[in-house]
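In: Need coordinates for the following:
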Amino acid sequence: YHRSQVVHHSPELNLLRRLEVLNMCNHYTGCSEICTLFLRPRFRRAHAGKLLSRVRFLFMAQHPQRFAETVIAEMRGISDEGGQSPFWDWLRTHFVDLDFSTVTRMVGTGDNGFIADLMPRHPLYTHLMDENARAVIGQVHPQTRPALTMLEAEGFRHNGYVDLFDAGPTVEARLADIRSVSTSVGCRIQIVDDVQPTLEEWNRGGQGRLLAITNTETANFRATVTSAARYLPAHNLLQVPAALAKSLHLRNDGEVRFMELATAQSGAATTAIPLRQQQEAIHAHR
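Out: Sure thing, here's the model as predicted:
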């Protein structure tokens, strides 16, 4: 739905009323959508969630022709501990007599026919809804808020579009404006001796920065997070140890894409979100 206002005005009677309405729409048809991430517990460790979340944007930066100009993400709306949505409870009472878990399962498997058959086609005046349903429109589930914070740090914004079923917000960004896309660097590779210098040596040489690095392939796309690499901007060259280059399928003088995440010394993420929250966001994001 698109959340907007209508104005009812009668100059003769000197009456003016602004009312909020929800209009079903197809505004995001043709956009690229980033969806659910789930990192299995045994693989959760420092920077793993960060890599999983942001490496998507590096792939987009490398292959922009594969994606739409606008990128969206649907955020999980408010539901109670039993998984019931106040917004859907109101819709179910008046329009579609299906429980919320059934609806989400049907949509998840591509069975969307009931939307055209049963969902109301006319604007929904939110002041006619019960208070519980109205209060959650555009609100994000508490467990999903870290994911929303991460996306907002990337430049995603909510422009008034909400989910048909739980009224959670949809956020959007232009592909070229996503922070991880616009700040990423494409360059050549130089494979160096597989020797790990000390952290102090890395830092004195402008190294020791925590980088997310990807190759430029598609079917054999690989990525990692490392501080054992050094960027030489004057030559647009990234120096990578041999073992790391081998694991990423990188060739000497080949191409690579990377972005800076944090300093290896401080470990501070550029988005300033604690790792624990980032991990929660990984499996809370819709």
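
In: could you point out where this structure is predicted with low confidence?
Out: For the chain, the stretches with pLDDT under 70 are 194-208, 262-286.

In: And the strands in it, which stretches?
Out: Under the criterion DSSP state E, the chain contains strands at 2-10, 15-23, 32-33, 70-74, 124-125, 157-162, 169-174, 185-192, 209-214, 223-226, 230-232, 237-241, 255-263.

In: how far out from the middle of the chain is the longest helix belonging to the chain?
Out: Of all segments of type helix in the chain, defined using DSSP state H, the longest is helix 48-62. Remark: helix 48-62 is offset 10 Å from the chain centroid, using Cα atoms, centre = their mean, to the nearest Å.

In: got the contact list for that helix?
Out: Defining contact as Cβ atoms under 8 Å, 6 or more residues apart in numbering, one finds that helix 48-62 is touched by 32, 34, 37, 39, 66-67, 71, 150, 154, 175, 178-181, 184, 186, 212, 214, 216, 221, 223-225, 257-259, 261, 269, 275, 278-279, 281-282. Using the backbone N, CA and C atoms, a C-beta is placed for each residue, glycine as well.

In: Show the buried residues in those residues.
Out: Neighbour counting with 16 or more other Cβ atoms under 10 Å marks 34, 37, 39, 67, 71, 150, 154, 175, 178-181, 184, 212, 214, 216, 221, 223-225, 257-259, 261, 269, 275, 278-279, 281-282 as buried within the contacts of helix 48-62.

In: For Val96, give me its contacts.
Out: Contact analysis of Val96 by Cβ under 8 Å, 6+ apart lists Val103, Phe114, Leu118, Met119.

In: Show me how to select, in PyMOL, the buried members of those.
Out: Isolation of the buried members of the contacts of Val96 (16+ other Cβ under 10 Å) is achieved in PyMOL through the command below:
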select buried, resi 103+119
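
In: Redo the contacts of Val96 as JSON lines? Include distance to Leu19.
Out: Below are the contacts of Val96 laid out as JSON lines (distance: Cβ to Cβ, whole Å):
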{"residue": "Val103", "distance to Leu19": "27"}
{"residue": "Phe114", "distance to Leu19": "28"}
{"residue": "Leu118", "distance to Leu19": "24"}
{"residue": "Met119", "distance to Leu19": "20"}
